[in-house]
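Peer 1: Build me a model:
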Amino acid sequence: MSPRVCWVLIDGVGDVGSETPLQKQSMDACDAVASAGVSGLMDPVQAGLACGSDTAHLSMFGYDPLRYYRGRGAFETMGAGLEMEPGDIAFKCNFACLDIKSGVVVSRRADRNFEDVGPTLCDFLDGIPIPSFPEHSVAVKYATEHRCGLRLRGPGLSDLVSGTDPLKDRLPLRKSAPLDASAEAEQTSRIINALSEIITQKLIDHPVNQQRAKQGKPKANLVLLRGCGARVKVPSFWERHQMKSFMIAPTCLIRGLGMSIEMDIINAPGATGDYHTDLESKANTALATFAQEEPRYDLGFVHVKAVDDAGHDRSAPLKLEFLKKCDDMVRRIALGLHQLQVKTGDPFVICVTGDHSTPVAYGDHSAEPVPFAIASVAAVASLLAPPPASNGQPGPGAAANGQPGPG
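Peer 2: Predicted structure coming up:
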């Protein structure tokens, strides 16, 4: 009988330095997975490449990015809840702060804590007309934090265009440009530049930005249009691997990628894809999904974003905090799956890895390989089980339900 697999991916887990956050933090459960099975380092796409989460996930799911990747915009937009039709293009977007006089992007992220106003601004921009291109329509959907998905629909569009993101703070806003010599790409770049200008004009005096100015916060007066992409037809995960799969990933980019390869998307209560996420809920949801009889899943994928956010925010304390929370989640999953294995006789394997490195020192992705570990849950559970007390009963670290006890 082939084992069923729970794959936990900690986004941005890798780091650099004499003592990385991963080395500094106590990671007993992840250490148990490494000790009980096979572990090592891997390059998610290729050696020396500072890859993005999109290409890394696509590659690790078994799809060559050189063949199947057409920009992250479609993934983000689908994950946010917008449908993509043939001919549509889409962008992974940031609400950002623009210095109007100089044209310099002061901050590529208006605010990580944007959940209170992001949906309002997205609703305001949804359906915004482009007067010089009346045949084209715009749809906008809030994703998480400062992010949103934007879909452009209309005749003669091409995804072979650059975006407007300068990629670093305090650089001029870029103009979209065609990436090939086609008339479609040339027209699309003109539409994108017109749309970017209109969005800023509409956002400048929006009540949300008036209030942010009074509060001394930067105005969210710009939407950076990033990673233009079209939905590409790819073989489903089942067609590729003959495994019935589910995904727990509130982060829209990863969620949309899972939708593209027809993984079942499972919602975990309280899972947000940011610093406010409930990782215990993710663990419990994964266990409940594996426990159900129909559909019976061969593989479950659980994604955690907050560690990557901490790297981008150059916050070592936050990276340490969420690494520990990830380790607690791995413990809960491993012990819960072992219980399920004992009950059903189904063998389970747990895999823990990352998609790329996001060093705190850099605040961005780097080319270092990432760790992976894979082991049977029975072997992991034997290492996590607390030693018996002198009376023969489980020690104080155990819980009656097989989950880790308090402390």
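
Peer 1: Break down the stretch 251-400 of the chain into its helices, ranges please.
Peer 2: In the stretch 251-400 of the chain, the helices defined using DSSP state H, counting those that start in this stretch lie at 252-260, 279-291, 306-312, 316-344, 377-384.

Peer 1: deepest of these, which one?
Peer 2: helix 252-260 (a mean of 26; mean count of other Cβ atoms under 10 Å). C-beta here means a position set from N, CA and C on the backbone, and glycine is covered the same way.

Peer 1: count of residues packed around residue 269?
Peer 2: 9 (other Cβ atoms under 10 Å).

Peer 1: Sorry, wrong one. I was asking about residue 146.
Peer 2: Residues lying near residue 146 (other Cβ under 10 Å) number 24.

Peer 1: Just list the residues touching it, thanks.
Peer 2: 94, 95, 96, 109, 110, 111, 112, 114, 118, 220 (Cβ atoms under 8 Å, 6 or more residues apart in numbering).

Peer 1: Tell me the buried residues within these.
Peer 2: Buried residues within those, defined by neighbour count using 16 or more other Cβ atoms under 10 Å: 94, 95, 96, 109, 110, 111, 114, 118, 220.

Peer 1: Just to be sure, which of those are found in helices?
Peer 2: Using DSSP state H, the members of the buried ones among the contacts of residue 146 that fall in helices are residue 118.

Peer 1: Could you dump the buried ones among the contacts of residue 146 into JSON lines with distance to residue 365 and pLDDT added?
Peer 2: Below are the buried ones among the contacts of residue 146 laid out as JSON lines (distance: Cβ to Cβ, whole Å; pLDDT from 0 to 100):
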{"residue": "94", "distance to residue 365": "16", "pLDDT": "94"}
{"residue": "95", "distance to residue 365": "21", "pLDDT": "96"}
{"residue": "96", "distance to residue 365": "19", "pLDDT": "96"}
{"residue": "109", "distance to residue 365": "15", "pLDDT": "91"}
{"residue": "110", "distance to residue 365": "21", "pLDDT": "90"}
{"residue": "111", "distance to residue 365": "22", "pLDDT": "86"}
{"residue": "114", "distance to residue 365": "22", "pLDDT": "87"}
{"residue": "118", "distance to residue 365": "24", "pLDDT": "93"}
{"residue": "220", "distance to residue 365": "24", "pLDDT": "95"}
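
Peer 1: ok, which pair from the buried ones among the contacts of residue 146 is furthest apart?
Peer 2: The largest separation in these, counting by Cβ to Cβ, is between 96 and 118 at 12.4 Å.

Peer 1: can you put the helices of the stretch 251-400 of the chain in TSV and add distance to residue 357?
Peer 2: Output for these, formatted as TSV (distance: least, Cβ to Cβ, whole Å):
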stretch	distance to residue 357
helix 252-260	17
helix 279-291	21
helix 306-312	8
helix 316-344	12
helix 377-384	25
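
Peer 1: Pipe those helices into CSV and attach mean pLDDT and distance to residue 164 per row.
Peer 2: Below are those laid out as CSV (pLDDT from 0 to 100; distance: least, Cβ to Cβ, whole Å):
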stretch, mean pLDDT, distance to residue 164
helix 252-260, 92, 18
helix 279-291, 98, 34
helix 306-312, 95, 20
helix 316-344, 97, 29
helix 377-384, 97, 46
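
Peer 1: Quick one, which of the ones you listed gets closest to residue 90.
Peer 2: Closest to residue 90 of the helices of the stretch 251-400 of the chain, according to Cβ to Cβ: helix 252-260, at 9.1 Å.

Peer 1: what sits up against the closest one?
Peer 2: 11, 53-54, 57-58, 61, 72, 74-80, 92, 143-144, 147, 149, 231-232, 234, 247, 249, 265, 273, 301, 303, 305.

Peer 1: If we use 6 Å, what do you get?
Peer 2: Helix 252-260 is touched from outside by 57, 72, 75, 76, 78, 79, 80, 143, 247, 249, 265, 303, with contacts defined as Cβ atoms under 6 Å, 6 or more residues apart in numbering.

Peer 1: among the contacts of residue 146, which are in strands?
Peer 2: Judged by DSSP state E, the subset of the contacts of residue 146 located in strands is 94, 95, 96.

Peer 1: Bridged to the second one, which residues?
Peer 2: In this structure, residue 95 has the following beta-bridge partners (DSSP bridges): residue 223.
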